[in-house]
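Peer 1: kindly generate the corresponding structure for this input.
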Amino acid sequence: PQPAADGSMEEHPEPAVTTTEADGLAERFLQLEREHNSLLRELPPFGAPVSHVYSPLDYAWEPHRDFVRRYCRGPKRVLFLGMNPGPFGMAQTGVRALWRLPEAL
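Peer 2: Residues are numbered from 1 along each chain as shown. Sure thing, here's the model as predicted:
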């Protein structure tokens, strides 16, 4: 919902998407990611001072694929992007208000 002119919350339903369309959308998105990841692998190695290069779509492919298949099901009003590791490793979300994630997803 978003605020209407009168201050009330106005519902904007997402367009209906069939299961077949939704599955196709998720699979197409994953295919594009695989193609782009393949191109990234062809880049020459980085030199100093770069000592490590993370490839989340390699080491975390399964949970990422599951996330895309679950949530990439049709038009969305918001898209969260980010693969930013924190000081405690790659498992951090980068999202400050974790309690808001379930309602946003």
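
Peer 1: CA only for contacts and neighbour counts going forward, please
Peer 2: Will do.

Peer 1: tell me what the longest helix seen in the chain is packed against?
Peer 2: As assigned by DSSP state H, the longest helix anywhere in the chain is helix 19-41. Secondary-structure packing of helix 19-41 (3 or more C-alpha pairs under 8 Å, 6 or more residues apart in numbering; DSSP states H and E): helix 61-71.

Peer 1: with just CA atoms, put the helix it packs on into PDB.
Peer 2: The C-alpha trace of helix 61-71 is given here as PDB (Å, rounded to 0.1, in the frame of the first residue of the first chain):
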ATOM      1  CA  TRP A  61      24.100 -20.600  -6.200                       C
ATOM      2  CA  GLU A  62      21.600 -22.900  -4.500                       C
ATOM      3  CA  PRO A  63      20.200 -20.500  -1.900                       C
ATOM      4  CA  HIS A  64      20.200 -17.700  -4.500                       C
ATOM      5  CA  ARG A  65      18.400 -19.900  -7.000                       C
ATOM      6  CA  ASP A  66      15.800 -20.800  -4.400                       C
ATOM      7  CA  PHE A  67      15.300 -17.100  -3.500                       C
ATOM      8  CA  VAL A  68      14.800 -16.100  -7.100                       C
ATOM      9  CA  ARG A  69      12.400 -19.000  -7.800                       C
ATOM     10  CA  ARG A  70      10.400 -18.000  -4.700                       C
ATOM     11  CA  TYR A  71      10.200 -14.200  -5.100                       C
END
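
Peer 1: which helix or strand in this protein has the lowest average pLDDT?
Peer 2: strand 2-3 (a mean of 46; mean pLDDT, DSSP states H and E).

Peer 1: run through the protein and note the low-pLDDT ranges.
Peer 2: Across the chain, the ranges flagged by pLDDT under 70 are 1-19, 21-22, 79-98, 105.
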